[in-house]
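*Asks:* Turn this into a structure:
(4 chains)
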Amino acid sequence: MSAIDLPYQIEPHPVTGVTSGKLGIWLFLASEVMLFGSLFSSYVLLRVGSGMEFWPSGVEAGLNVPIGTFNTMVLIGSSVTMVMSWASLKMNKLGAFKGYFATTIFLGALFLVVKAFEYSDKFSHGVFPWVGWPEAGDPSTFYALYFTLTGLHALHVLLGILPNLWLLVFGVAMWETDRERFTGRIEIAGLYWHFVDLVWIFLFPVLYLL
Amino acid sequence: MRNTRHWGLTMSDSHDELNFWRKYVFSTDHKTIGIQYGITALVFLFFGFSLMMMMRWQLAYPGQAIPIIGALLGDTFVNRGAMLPEFYNQLGAMHGTIMVFMGIVPLAVGAFGNFVVPLQIGAADMAFPRLNMMSYQAFVIGGVIMLLSFLAPGGAASSGWTSYAPLSDIATSGQTWWLIGMIFLIFSSLLGAINFIVTIIHLRAEGMTFFRLPFFVWSQLVTAFLLLLAFPALQAAAVFQLMDRLAGTSFFLPSGLVVGGEASAAVGGGSPLLWQHLFWFLAHPEVYVLILPGMGIVAEVIAINTRKPLWGYRSMVYSLVFLGFMSFCVWAHHMFLTGMGTTMSTFFQITTMIISIPSVIILSCLVISLWGGSIRFPVPMLFALAFLPMFGIGGLTGLPLGLAVPDVYLHDSYYVIGHFHYVVAPGTIFAMFAGIYHWYPKATGRAMNESLGKLHFWLSFIFMNGIFMPMMFEGMAGVSRRLFNPEVYNTGLGAHGLTVISSWSAWCLALSQLPFIYNFFASMRKKERAEENPWQATTLEWATPTPPPHGNFPSPPVVERGPYEYSVPGAASDFSPQAVKQGV
Amino acid sequence: MKDPQYGWWLPPDVSTNGWVVDQLLAIIHWFMLALFVGWGIFIIYCLLRFRAREGHSAVYEPIKAAFSKWLEVGVAVAEGVVLVALAMPAWAAIKNITAEVPENPVIIRAVAEQFKWLFHYSGKDGVFGAIGSEFISTDSPAGVDPDDEAGYDDFWVYGLHIPVDRPVITRLSSKDVIHSFKIPVMRLTQDAIPGLEIAVWYQATDTGKFQVGCAQLCGLGHYEMKADFVIHSPEGYQAWLDEEHAALGFDDE
Amino acid sequence: MNKLSILVVALLVVLLPVQSGGQAEKPAGTATVTGSVKFEGKKPRIRAIDMSGADAKCSEAHGGKRLKPDTVIINKNGTLRNAFVWVKSGLEGKSFPMPEGDAMLDQKGCTYTPHVQGMRKGQSLAIKTSDPTAHNVHGYAKVNRSFNRSQPAGAGDVSIRMRRDESSPPMKIKCDIHPWMNAYVAVVDHPYYAVTGEDGSFTLANLPAGTYIVEVWHEKYGVMEETITIGDGEAKSIEFTYAG
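*Replies:* Alright, predicted model coming up:
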């Protein structure tokens, strides 16, 4: 069963100006926006509905703002290296690409490690998704939201790291056969990565600061 | 020597088997995937229908042993062959879930969309063939999880297909299976939606401008956008509910719950209405996901069989797009009775009235299209014509439900069931039948038997109405839905005769499908081939060899005109194909 | 066993507001019928007149562009106008039903649980005892604080009893899942949602014995979640209140 | 007749070796603990239930009269009925013969009979319905697996096997369709338990000699316990007193 040669896999479509893959990832991100949009709307509804006195701010709830800030920096840094790695490919520098791309993956993993430490610190203090906010007499979904939203985000980070690793180790072979297509793939991986980064930039203030 | 030969034979056998797997099971060809979707969805549809037939027995003859089947079920489902209420609730929830998410959507979008869209736009395949395969696989996995949930302790999900919290939060483990199955089905739909949009935008043949797209393709495009943007809300809701059930959070549990006389262990602070908002944000667009592809098929069939262009093609397209957009703004009309404020309910009443306008325009255009035609009545046309009044009843009965005051009386009554079943059962399912009869010759190269088809149509038409028309009256009589035994109420007792009519119609409807099932399989084995273009249609799918080869078009078609150029004055025949055949 | 009042159409209406619902239902259904019959005749006429036959052929553009544009706009406008005209009386009706604050009402709490309605009356003193989910127990299914004196004479029953010709406010709440308070003869449905208290009001115009039901799936016993709905004459209501008070057993102590 | 006697002989043949082989061919001991559960203080006001509004079939079973629930019943002699008394500790590691048959719970007139009972771990609880209306048996078990089965009128027994100890507190069984209906079943690993009746007394007979903690549980007034040392052939008495 031979693969069919479909158009616009490498060259952009004249009207939309993008390849099929890129259009696909943009659509996927649109649906992700709706997913996180629903989650954030739920956050607003639950918070407003809680009557506020049961709702801690991130600091009150004992979230570590400096560590959160550090993690934000880590993710922003990884986005920068992501752009650099793509730019390196555009400039035909495979070595630089590998360096930047590996850094991106490393920073993503670092983010997860820091997150894991934050989680275990919470667990060791008896804070779990099912606890309320004991200081205000309990009924609060703050921690439930904190763990669900950051957990889902961490899952997205992980689902970004894994294909990126594959691209770095195996997928890079395509560079020799089809440079343009490989660059396209990195761009798509980058778009996803920037989106994950962006979600965190919303999550961080909403959960830690507000 | 013998051994070697034997070994060699085995090798080649397994090689053939691999081919079989690649060709029929792990295929990336949109036509194969479409047929896979179609057959799987039809099986699920039949299964969901069987669940309903059991429920109809309990409603017509409450407390009596179910014939034949009753003896086969375990004692957690039946008592001495008579249905138990917990089983009735499982059947109700699973009937809805299976019909909507595993039957109609996969049939309308997965099967017809996959098979027809690339052909109609002149593409070689879907934009992402492997993604297409994954989407089908996710659908099958989700479906299997759903079916297996009947074996979970306490049985399958039993909180209705709407799974309202907190009931679903405290339900038995079948609900967890439901949520996991749902996440797979959502994933499948999302992948499919992305694929359809990219395919339609990028892979149209040369000359196939947007306003030369067949209406069916338009309907699939809008449907794909609805799936893409609406499903994530349910995904979020499913994640929340999974957390509630597995991690002990209380997203949907308010403080101070007392279940069975004992204070709930959950901390509370959540909102039961949050589930409804998230669910209906998906589920209202979902209603249009169910109906739009059906409208698309009906438009195709009507244009071809009236031998004239669709009337108001452009306004139909605009209405379609507007409909898709508006469907995101009406979800809370399912929630008039949750105690929302007057401002909110006024807003949603207005949007509901607004959204009815484009549907009316589309339906009117289809009806007016009959004027001035030369109308043929093959089986697909019969189904398409029946769609018009049936969908009309479904749409019209939505009116009193969309207005808060009558809804106060009719909410959650049998009227609601009658209403949405008129939309999806004699509505969408008739459109699906029209599609099956219409494109069967394309997929198999054989024609289906006309007489059996007509028998199938007339019996189905009579019994569909026999099922759902009494429900309207039952609803008016004040009978609530989802009652294991409506006769507990004096309203239910008074309307019992209607229930019996519905039930017998349902069982007769099942028998009416026998000619179809026989016709479907027997026609495949016919020797004589159907004509290449049996309906003398203009659209591109009829311009390829039958069945279409891998890659669809031997040479890329060039489109020269719109999709419905029938009876063009001065033309040689009464249909002018979109593309003049090239190299076929 | 079968009550002749209930059949294949609307059940009796014994409420002051029910006519609004019935009238609107009638208007809408006549309108629907008219539309349906109109379109139906048009379709059948088309099918007969334009059926494929010898010597008949389709016309490419049977309706001229200008005419079609007019018709298209006409359809849209007509639908819009009719719908808004229908929606307007609906809003007016809502206003009538919910905005008026009734005078001298009877106030009853309806507490929903799997799978029964419990109706909580304030008793002789007309004051409800302190309510809280933490007070719910076998002895106090309505969640009344056993130490609150105002609650001593409160009583709770599994049937809804109201006097005729007097507005009744029912404060709906739920202990566990979402239920829906449905009285067909009052043309009334309202969800009872845990964590919220929602009030509805209605007024009966005739005495009799009817039923309250649950209209929202609430579990395996949902179908059994019914309660008697008794509309008393004013004297009968007072007698019933006295009887319930006597049943509390104050006089024994 | 003939067949029956063969059956009896066959059963004896099967059962006898078990009986003689087991440790407990005779009663495990000869000590006896007796006592009563007294109630002092203000009688609580328990409201009678009018079932007619919810289910006419229930109230018909009581001739349309209101029914006092079994929550707190003070006997004429000032004792408390429906208190569950059992040996909480001191019998660990010993095994005792199982009673034959199932523990029974009947639903009659939309109440459970008995209201409180004990049963043995490993025994089955057979829940019967004698009512012309539908019930559901909802076991709110905390240790055993909880269950929720509906039982329409005329349905066969619902049989639930109790695999674990659950006696402190006992398992609550409730009918959600008739929310006033509840019963308590304690699942114990030995045969030394009793429920106080109309005279408020209890007897734990045939105990082996030893030191035990005896616990009493009442659904409204909670638990109390007493330690007692008893020798072979002795009879001792315990008095528990609940203050209202």
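*Asks:* which phi and psi does D:Gly139 have?
*Replies:* Main-chain torsions, D:Gly139, degrees, to the nearest 10: phi -90, psi 110.
*Asks:* Now do the contacts for the nearest residue to it once chain neighbours are set aside.
*Replies:* Spatially, and ignoring its direct neighbours in sequence, D:Gly139 is nearest to D:Phe147 (4.7 Å; C-beta to C-beta, 6 or more residues apart in numbering or on different chains). (C-beta placed from N, C-alpha, C; glycine too.) Neighbouring residues of D:Phe147 by C-beta atoms under 8 Å, 6 or more residues apart in numbering or on different chains: D:137-139, D:141, D:160.
*Asks:* same thing but at 10 Å, please
*Replies:* D:Phe147 makes contacts with B:76, B:153-154, D:125, D:127, D:137-141, D:158, D:160, D:173, as judged by C-beta atoms under 10 Å, 6 or more residues apart in numbering or on different chains.
*Asks:* out of these, who's nearest chain C?
*Replies:* Taking C-beta to the nearest C-beta as the measure, chain C lies nearest D:His138 of those, at 8.8 Å.
*Asks:* Give the other helices and strands that the helix or strand harbouring that closest one contacts.
*Replies:* For D:His138, the host element (DSSP states H and E) is strand D:135-140. Contacts defined by 3 or more C-beta pairs under 10 Å, 6 or more residues apart in numbering or on different chains; DSSP states H and E place strand D:135-140 against strand D:103-108, strand D:124-129, strand D:147-151, strand D:158-161, strand D:166-174, strand D:182-188.
*Asks:* Could you count how many residues lie near B:Tyr24?
*Replies:* 12 (other C-beta atoms under 10 Å in any protein chain shown).
*Asks:* Please look at it and B:Thr32 and confirm they touch.
*Replies:* Yes: the pair B:Tyr24 / B:Thr32 is scored as a contact, 6.6 Å apart, by C-beta atoms under 10 Å.
*Asks:* Not counting its neighbours along the chain, what's nearest residue 121?
*Replies:* You didn't say which chain, so I picked chain A. A:Asn64 (7.6 Å).
*Asks:* ah, I was thinking of chain C
*Replies:* If the residues on either side of it in the chain are set aside, C:Tyr121 comes closest to C:Phe155, at 5.6 Å by C-beta to C-beta, 6+ apart.
*Asks:* For the one you found, give me phi and psi.
*Replies:* Phi and psi for C:Phe155, reported as degrees, to the nearest 10, are phi -140, psi 160.
*Asks:* List just the nearest of the contacts of D:Phe147 to B:Phe484.
*Replies:* B:Thr76 (15.3 Å; C-beta to C-beta).
*Asks:* Which residue comes closest to that closest one once chain neighbours are left out?
*Replies:* Nearest non-adjacent residue to B:Thr76 (C-beta to C-beta, 6+ apart): B:Gly155, at 6.5 Å.
*Asks:* quick revisit: what count of nearby residues applies to the residue nearest to C:Tyr121?
*Replies:* Neighbours of C:Phe155 (other C-beta under 10 Å): 20.
*Asks:* What pLDDT does the model give it?
*Replies:* In this model, C:Phe155 is scored at 92, pLDDT.
*Asks:* show me where the stretch 1-150 of chain B has helices.
*Replies:* Assigned by DSSP state H, counting those that start in this stretch, the stretch 1-150 of chain B shows helices spanning B:2-20, B:30-60, B:69-72, B:85-97, B:105, B:114-121, B:129-148.
*Asks:* TSV please, covering these and showing mean pLDDT.
*Replies:* Formatted as TSV, the helices of the stretch 1-150 of chain B follow (pLDDT from 0 to 100):
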stretch	mean pLDDT
helix B:2-20	41
helix B:30-60	95
helix B:69-72	89
helix B:85-97	95
helix B:105	95
helix B:114-121	95
helix B:129-148	95
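*Asks:* Kindly state which of those helices is positioned closest to chain D.
*Replies:* helix B:85-97 (5.1 Å).
*Asks:* starting at the chain centroid, how far to the next helix or strand after that closest one?
*Replies:* Downstream of helix B:85-97, the first helix or strand assigned by DSSP H and E is helix B:105. Relative to its chain's centre, helix B:105 lies at 4 Å (C-alpha atoms, centre = their mean, to the nearest Å).
*Asks:* how many other residues sit next to the closest residue to B:Ala510 other than its chain neighbours?
*Replies:* Once flanking residues are discounted, B:Ala510 sits nearest to B:Met53: 6.1 Å by C-beta to C-beta, 6+ apart. Here the number of neighbours of B:Met53 (other C-beta under 10 Å) works out to 17.
*Asks:* Using the three-state scheme, assign the closest residue to A:Asp178 other than its chain neighbours.
*Replies:* Distance criterion C-beta to C-beta, 6+ apart; nearest residue to A:Asp178, sequence neighbours excluded, is A:Ile10 at 7.4 Å. The three-state label given to A:Ile10 by DSSP: H, G, I helix; E, B strand; the rest coil is coil.
*Asks:* And for A:Ile10, the neighbour number?
*Replies:* Counted with other C-beta under 10 Å, A:Ile10 comes out at 14.
*Asks:* Phi and psi next, for it.
*Replies:* phi -110, psi -50.
*Asks:* how near is it to chain C?
*Replies:* According to C-beta to the nearest C-beta, to the nearest Å, A:Ile10 and chain C sit 43 Å apart.
*Asks:* so where's chain A shaky on pLDDT?
*Replies:* The model of chain A has pLDDT under 70 over residues A:1-4, A:52, A:134, A:136-137.
*Asks:* how does it look with 80?
*Replies:* For chain A, the stretches with pLDDT under 80 are A:1-5, A:50-54, A:132-139.
*Asks:* quick one: the residue nearest to B:Glu474 when sequence neighbours are not counted and chain A, what's the gap?
*Replies:* Leaving aside its chain neighbours, B:Glu474 sits nearest to B:Tyr414 (3.9 Å; criterion: C-beta to C-beta, 6+ apart). Note on B:Tyr414: its distance to chain A, by C-beta to the nearest C-beta, is 32 Å.
*Asks:* For B:Tyr414, give me the pLDDT.
*Replies:* Model confidence at B:Tyr414 (pLDDT) stands at 95.
*Asks:* OK, contacts around it?
*Replies:* B:Tyr414 sits next to B:468, B:470-483, B:486, B:492, B:495, B:498-499, B:502 when contact means C-beta under 10 Å, 6+ apart.
*Asks:* and those, which of them are in helices?
*Replies:* Among these, DSSP state H puts B:468, B:470-476, B:492, B:498-499, B:502 in helices.
*Asks:* Please state the offset of stretch B:346-357 from the chain centre?
*Replies:* With C-alpha atoms, centre = their mean, you get 24 Å for stretch B:346-357.
*Asks:* what are the ranges of the helices in the chain?
*Replies:* You didn't pick a chain, so chain A it is. A:20-49, A:65-90, A:94-124, A:142-169, A:174-177, A:179-204.
*Asks:* wrong chain, I was asking about chain D
*Replies:* Assigned by DSSP H, chain D shows helices spanning D:2-21, D:56-60.
*Asks:* hey, least reliable of those by pLDDT?
*Replies:* helix D:2-21 (a mean of 49).
*Asks:* circling back to that earlier point, neighbouring strands - and their directions - for the strand holding D:His138?
*Replies:* Counting by DSSP bridges, the strands paired with strand D:135-140 are strand D:147-151 (antiparallel), strand D:166-174 (antiparallel).
*Asks:* Let me see the contact set for the residue lying closest to D:Ser130 once chain neighbours are set aside.
*Replies:* If you skip the residues right next to it in sequence, D:Ser130 has D:Lys108 as its closest partner in space, 4.5 Å away by C-beta to C-beta, 6+ apart. Contacts for D:Lys108 (C-beta under 10 Å, 6+ apart) come out as D:61, D:128-131.
*Asks:* Which helix runs longest in chain B?
*Replies:* Under DSSP H, chain B gives helix B:272-306 as its longest helix.
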